[in-house]
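Novice: starting from these lines, generate the structure:
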Amino acid sequence: MYAITLKENLEINMEDLHKFISGKHLSIKVRANLGITFNLNQKITASILKSGIMIVEGADQEEQAFELYKTVIDDLGVLWSRVE
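Specialist: Just a heads-up that it's a prediction; the model follows:
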């Protein structure tokens, strides 16, 4: 399991996050006001919280988890200066 934590709270728009995940035709397991949990595939499950924290289960390497995070954050238009 990998957890990606941040310098600051990103206050991610949950509706935009839901649209992104749905647009990628990923299976949403849980949708709540403070986060969404979804399956990337049969092996990988990810949870993204409103704060921007992401937890990835089933990734083989840290780089795989980080690339998933980068894809989501880039699509949502979050500046990397707020993440790194």
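Novice: identify all contacting residues around the lowest-mean-pLDDT helix or strand in the chain.
Specialist: Every helix and strand in the chain was compared by mean pLDDT, DSSP states H and E; the lowest is helix 62-76, with a mean of 90. Residues from elsewhere that reach helix 62-76 (Cβ atoms under 8 Å, 6 or more residues apart in numbering): 2, 4, 12-13, 16-17, 20, 40, 44, 46, 48, 52, 54, 56, 59, 80, 83. (Each C-beta comes from the backbone N, C-alpha and C, glycine too.)
Novice: same question for stretch 28-45.
Specialist: 14, 17-18, 21-22, 26-27, 46-50, 56-59, 64, 68.
Novice: compute the first-to-last residue distance for it.
Specialist: Taking Cα to Cα, to the nearest Å, stretch 28-45 runs 10 Å from one end to the other.
Novice: that older thread, just the buried residues of the contacts of helix 62-76.
Specialist: Buried by 16 or more other Cβ atoms under 10 Å: 2, 4, 12, 17, 20, 40, 44, 46, 48, 52, 54, 56, 59, 83, out of those.
Novice: any chance of those residues in TSV, with secondary structure and pLDDT too?
Specialist: Formatted as TSV, these follow (DSSP: H, G, I helix; E, B strand; the rest coil; pLDDT from 0 to 100):
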residue	secondary structure	pLDDT
Tyr2	strand	93
Ile4	strand	91
Ile12	coil	93
Leu17	helix	94
Phe20	helix	92
Leu40	coil	91
Ile44	coil	95
Ala46	strand	96
Ile48	strand	96
Gly52	coil	93
Met54	strand	95
Val56	strand	96
Ala59	coil	94
Val83	coil	74
